[in-house]
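Novice: Sequence first, then the predicted structure, then my questions.
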Amino acid sequence: MSRPPVYLDNHSTTRPDPRVVEAMLPYFHEIYGNAASISHRFGWDAAEAVEEARARVAESIGADPKEIVFTSGATESNNLAIKGALPALKRRGDHLVTAASEHKSVLDVMKRLSREGWNVSFVPCDETGLVSAEAVEQALTPSTVLVSVMTANNEVGTLNPIGEIGRLCHDRKIVFHTDATQAVGKVDLDVQADGVDLLSLSGHKIHGPKGVGALYVRRRDPQVRLQPQIDGGGHERGLRSGTLPVPLIVGLGKAVELMFLEKPDEPNRIKALRDRLEAGIVGRVADVRLNGHPTRRLGGNLNLSFAFVDGESLMTAIRDVAVSSGAACTSVDPEPSHVLRAMGRDDESARASLRFGVGRFNTEDEIDYAIEVVAEAVARLRKHSAAWSSTSAL
Ligand SMILES: *Cc1c(COP(=O)(O)O)cnc(C)c1O
């Protein structure tokens, strides 16, 4: 019996909600004006839609619409936030703090800055992936000018105490950036209460379109000064030039709106499905270990290491259940996940891991099917594993 494949890779990207696509369509077909055209109706209508989306994004994080800059996604937002903030901070110090478990779009920016002469501390996370305020505090020096710690980890889902970290930074007049791409609409975010100065988010992780994101830039108490990374026509208050992709921005606004419309039920439903998946797999498969925090993590996240099984082989074996493995297959020789390594897992355990991401469109039936497929595949692979046979013979 063939059935449609099951999508459980919602940390990589999400299916655009049909209501998002619906909201975008008129901005391809009819309202195609340039939002920067201030002399005619076509431009005004486009600009109005952009401002409505801006207001929605701002509201979702407790910001003012003037503090939102649209970008091409969270990668660009992270680059703009960190690289953009430094010129104004340079004379105050040369020390930056981030965590070893960050997304590559923060880590690789920091690595470049470190090669360029900035002094960067990569704070370790604990064995659950948590970056504690104490760990951040210990890394601070009198010359620290910027801290970047993500809100929710994209591999293991662990939620960091960004309110505590934000307050630490604010007390010391250090700029605080958080990559909230995985957290928007799933955990309560308030840039005022959390002392956040810069916050990145992305459309396609919240059932919106790919190629659009936003950066929150604090304008008061204190104002964060950014140097644009893309110069040109001076769009987005000069912070990000380029004609605005109106349909994508409308889609992002709709996606944010839906994240809140679906609340408070959706997070509970997703967490219940995740718990079912976790209980189902752990109940049927021996020697499984949870990667991540048992409670302080995203409701849809489940990252497991299966002893004596290669994650890549397991992923191939469960072909019609789409997940990610703890080995980045961007190179010929798959590198074990830097996040799992930062959590203290050895290469083998990191390679033996799968990341499941439950999302809005998953059903109980799909979860049960995934449990079945994973349990069978692990059993099959272990039967052929010499290491497994030798331990189970004990
Ligand atoms: C997906 C992701 C990004 C990158 O977002 P894009 O919009 O694809 O550039 C950055 N940070 C985190 C935590 C992510 O999950």
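Specialist: Right, received. Where do you want to start? A quick note: this is a predicted structure, and the numbers were derived from the prediction, not measured. Numbering: from 1, shown residues only.
Novice: Pick out the residue in the stretch 51-200 of the chain sitting closest to the ligand.
Specialist: residue 73 (2.7 Å; C-beta to the nearest ligand atom). Heads up, the C-betas are built off the backbone N, CA and C, glycines and all.
Novice: isn't that residue right next to residue 209, touching?
Specialist: No - counting by C-beta atoms under 8 Å, residue 73 does not reach residue 209; the two are 10.0 Å apart.
Novice: Spell out which residues are contacts of both of the two.
Specialist: Here residue 73 and residue 209 have residue 203 as joint contacts, going by C-beta atoms under 8 Å, 6 or more residues apart in numbering.
Novice: just to revisit the earlier point, the nearest residue in space to the residue of the stretch 51-200 of the chain closest to the ligand that is not next to it in sequence: what's it in contact with?
Specialist: Residue nearest to residue 73 in three dimensions, not counting chain neighbours: residue 213, with 4.0 Å by C-beta to C-beta, 6 or more residues apart in numbering. By C-beta under 8 Å, 6+ apart, the contact set of residue 213 is 70-77, 181, 200-203, 252.
Novice: where does the stretch 151-300 of the chain come near the ligand, residue by residue?
Specialist: Taking C-beta under 6 Å from any ligand atom as the criterion, the neighbours of the ligand within the stretch 151-300 of the chain are 154, 179, 181-182, 202, 204-205, 213.
Novice: among these, which are in helices?
Specialist: Among those, DSSP state H puts none in helices.
Novice: my hunch is that residue 200 is in a strand, does that hold up?
Specialist: Yes - counting by DSSP: H, G, I helix; E, B strand; the rest coil, one finds residue 200 located in a strand.
Novice: Wait, it touches residue 181, no?
Specialist: Yes - proximity of residue 200 to residue 181 meets the contact threshold set by C-beta under 8 Å, at 6.1 Å.
Novice: Please look at residue 37 and residue 31 and confirm they touch.
Specialist: No - counting by C-beta under 8 Å, residue 37 does not reach residue 31; the two are 11.9 Å apart.
Novice: So the two - more neighbours on which side?
Specialist: residue 31 (20 against 14; other C-beta atoms under 10 Å).
Novice: list the contacts for that one?
Specialist: 42, 45-46, 49, 246.
Novice: one step back: from the neighbour counts alone, determine which of residue 200 and residue 181 ranks first.
Specialist: Using other C-beta under 10 Å as the criterion, residue 200 and residue 181 rank with residue 200 on top: 31 against 27.
Novice: Contacts only, for that one.
Specialist: Counting by C-beta under 8 Å, 6+ apart, residue 200 has contacts 74, 77-78, 81, 177-181, 213-216.
Novice: Same list (those residues) but as JSON lines, adding pLDDT.
Specialist: Converted to JSON lines, those look like this (pLDDT from 0 to 100):
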{"residue": "74", "pLDDT": "98"}
{"residue": "77", "pLDDT": "98"}
{"residue": "78", "pLDDT": "98"}
{"residue": "81", "pLDDT": "98"}
{"residue": "177", "pLDDT": "98"}
{"residue": "178", "pLDDT": "98"}
{"residue": "179", "pLDDT": "98"}
{"residue": "180", "pLDDT": "98"}
{"residue": "181", "pLDDT": "98"}
{"residue": "213", "pLDDT": "98"}
{"residue": "214", "pLDDT": "98"}
{"residue": "215", "pLDDT": "98"}
{"residue": "216", "pLDDT": "98"}
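Novice: will you turn those into CSV that also has distance to residue 239?
Specialist: Below are the contacts of residue 200 laid out as CSV (distance: C-beta to C-beta, whole Å):
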residue, distance to residue 239
74, 16
77, 11
78, 14
81, 11
177, 15
178, 18
179, 18
180, 18
181, 19
213, 13
214, 11
215, 8
216, 12
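Novice: can you list the residues that contact stretch 163-179?
Specialist: 74, 77-78, 81-82, 85, 89, 102-103, 105-106, 131, 133, 136-137, 140, 144-151, 162, 193-200, 222, 224.
Novice: from the contacts of residue 31, which ones fall inside strands?
Specialist: Using DSSP state E, no member of those falls in strands.
Novice: Can you flag which of those belong to helices?
Specialist: Counting by DSSP H, the part of these found in helices is 42, 45-46, 49, 246.
Novice: out of those residues, who's nearest the ligand?
Specialist: The closest of these, once distances to the ligand are taken by C-beta to the nearest ligand atom, is residue 246, at 18.0 Å.
Novice: OK, contacts around the closest one?
Specialist: 27, 31-33, 35, 46, 49-50.
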